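Visitor: Sequence isn't available, so here's the structure alone:
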């Protein structure tokens, strides 16, 4: 069915569901115009999702919309930023009205939930892919970065790790599970990760560094260590594993998923001893589980992995699109 | 040749050639962090270029880098904004070092020219395409929009129109030219359009509306008319045509290229009588040609096209990716 680019934008994406006061001009001019309050810093992140690389061709459009936004929101969460505006560039091989309706409905449902506004984008013909540009706001000087971890800080993660890798393995028919509850829980953790927006904001004055776990704990923690010029020890018996994950795979596989699986979109952050209690209280108040999994060491130590006090040999295995 | 995603970013895109003072954190964290001055409004635009849809597979990487940025800068120009930051999401089928070196060299040359900084992006495996997010700054309340044209305003364009369409026709082997100068000039107008950044800024307090000509004069002027709730008359004998364009095609074709060809990336803007002299002076000072091609009418008139005073019948023909 033929449908013009302008019609696609007007029909599916030019909705005024959330009208933010800081949006002077949204969709419909050469640029969007945005106004910041004094003492706000702008946080920007960009993520691309390509069919075949980041998602399967048969993914439900509402799952794709959810995950595309959640992945980007997770980057804001890792900075302690408050979500504000989204740009969406989407390439479509053809115009499928049912697909666009489901995709855009799910997208706007999430945008509304986070009080975000779609301010612009581009609709082009091409292989299915999308690039989201997410814009958040953070009080000046309060953003969490990767570079503040200090020797002696405790290393924490939110939630549980490895569930998303198990969910992906189920989708890939590499893992079979016994119960519908296991399947449902693990698939949801893969397809519908929760961006840790409020926990990220709660960490602002308390954590020394933070990152979201997209490529795998060891890989992403590695970015903190690199940026902060420090090392770390991780006690793998302390890794938070869900009961479902522990039911469906051996302990060794569960730990490998937790260390290297990626796409959990939990936060990994570092906390000085003096703020440890305050952070646990702040996260408890939000109903978010957190878990201390190790400690920051001098940079000479690299990442030292322990199992119940016994040092292990570890090989980094983070995900990389262009690896051989 | 295998090359990791992180290595691609580090090697080709993480260059600190322009260090803007408003960039608190650039590439290398979960988000970039940017600080605006009080009384600055942020202007954001996004454009995607897909191989096969927006450029030919054999385009030189330096031409692609130039055009991808110029097309985005043109959107800032149309708002009167000052370029500041770029995000680049690029999908590559494989890692071609020579291609990446040429592409990134050309990109950074242009970024430096406009005192812009690459603040983030994404590198993924997929069919060749890229999405650029461009961020500019404009004094609060001074942005040019599409919605301010008033009955009686004069309609102006910068430069000449239709050259880019002729350049494209040459690339498509649909047009042959006699001299190397004709070919070089017209190809350059297609491959290396000049974003009208300084003219756009000069129009800030003087023009009532502006747009850049990407889809074709009539189509883009149509956006101004729609947003401003006005009509227009265009005198096609006043259209600025380059001598090269007039040498290589019949007058009728030249006028069609100028009206509907698109990708000229000149500015079309409206000017009240009281500012007409000031604008021509301001553009003369920048060495930029401009030309009055018509006048704003009440909305009931639509777009009325005239040739030496004689009214013509016109069919809109703007470019649309999803048209049948």
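Guide: Done, it's in. The structure presented is a predicted model; accordingly, all values stated were derived computationally and were not measured. Residues are numbered from 1 along each chain as shown, chains lettered A, B, ... in the order given.

Visitor: Where does the residue nearest the centre of chain A sit: helix, strand or coil?
Guide: The residue lying closest to the centre of chain A (CA atoms, centre = their mean) is residue A:74, at 3.2 Å. Following DSSP: H, G, I helix; E, B strand; the rest coil, the label given to residue A:74 is helix.

Visitor: For it, give me its contacts.
Guide: When contacts are counted by CB atoms under 8 Å, 6 or more residues apart in numbering or on different chains, residue A:74 touches A:193, A:195, A:196, A:212, A:214, A:265. Yep, even glycine has a C-beta here, placed from its N, CA and C like the rest.

Visitor: can you check residue A:276 too?
Guide: A:154, A:292.

Visitor: hmm, try it at 6 Å
Guide: Contacts for residue A:276 (CB atoms under 6 Å, 6 or more residues apart in numbering or on different chains) come out as residue A:154.

Visitor: do the one 10 residues further on as well
Guide: With CB under 6 Å, 6+ apart as the criterion, the residues that contact residue A:286 are A:198, A:199.

Visitor: so where do the helices sit in chain A?
Guide: For chain A, the helices defined by DSSP state H occupy A:5-8, A:61-79, A:97-113, A:163-171, A:180-191, A:197-202, A:217-228, A:243-248, A:251-260, A:276-285.

Visitor: returning to that earlier point: drop anything exposed from the contacts of residue A:74.
Guide: Neighbour-count burial (16 or more other CB atoms under 10 Å in any protein chain shown) applied to the contacts of residue A:74 gives A:193, A:195, A:196, A:212, A:214, A:265.

Visitor: and the two most separated of the residues you listed?
Guide: Longest distance between any two of those is 12.1 Å, between A:196 and A:214; criterion CB to CB.

Visitor: What ranges in chain A fall below the confidence cut-off?
Guide: A:1-6, A:314-324 (pLDDT under 70).

Visitor: 80 instead, please
Guide: The model of chain A has pLDDT under 80 over residues A:1-10, A:15-17, A:313-324.

Visitor: sorry, back to before: quick one: which of the contacts of residue A:74 sit in strands?
Guide: Mapping these onto strands (DSSP state E) picks out residue A:212.

Visitor: now, which of the contacts of residue A:74 sits nearest chain B?
Guide: The closest of those to chain B turns out to be residue A:212 (CB to the nearest CB; 6.2 Å).

Visitor: Tell me how many other residues surround residue A:112.
Guide: Other residues near residue A:112 come to 13 when the count uses other CB atoms under 10 Å in any protein chain shown.

Visitor: Report the residue ranges of every domain in chain A.
Guide: A:5-139, A:154-312 (automatic domain parsing).

Visitor: wait, residue A:299 sits on residue A:229?
Guide: Yes. With contacts counted by CB atoms under 6 Å, residue A:299 reaches residue A:229, the gap being 5.1 Å.

Visitor: out of the two, which sits in the busier spot?
Guide: Set residue A:299 next to residue A:229 and count neighbours by other CB under 10 Å: residue A:299 wins out with 14 against 11.

Visitor: How much space separates that one from chain B?
Guide: According to CB to the nearest CB, to the nearest Å, residue A:299 stands 17 Å off from chain B.

Visitor: cool, residue A:50 as well?
Guide: 4 Å.

Visitor: Spit out the contact partners of that residue.
Guide: By CB under 6 Å, 6+ apart, the contact set of residue A:50 is A:129, B:91, B:124, B:126.

Visitor: what about the closest residue in space to residue A:275 that isn't next to it in sequence, neighbour count?
Guide: In this structure, residue A:275 finds its nearest non-sequential neighbour in residue A:206, 4.3 Å apart by CB to CB, 6 or more residues apart in numbering or on different chains. Neighbour count for residue A:206, taken as other CB under 10 Å: 21.
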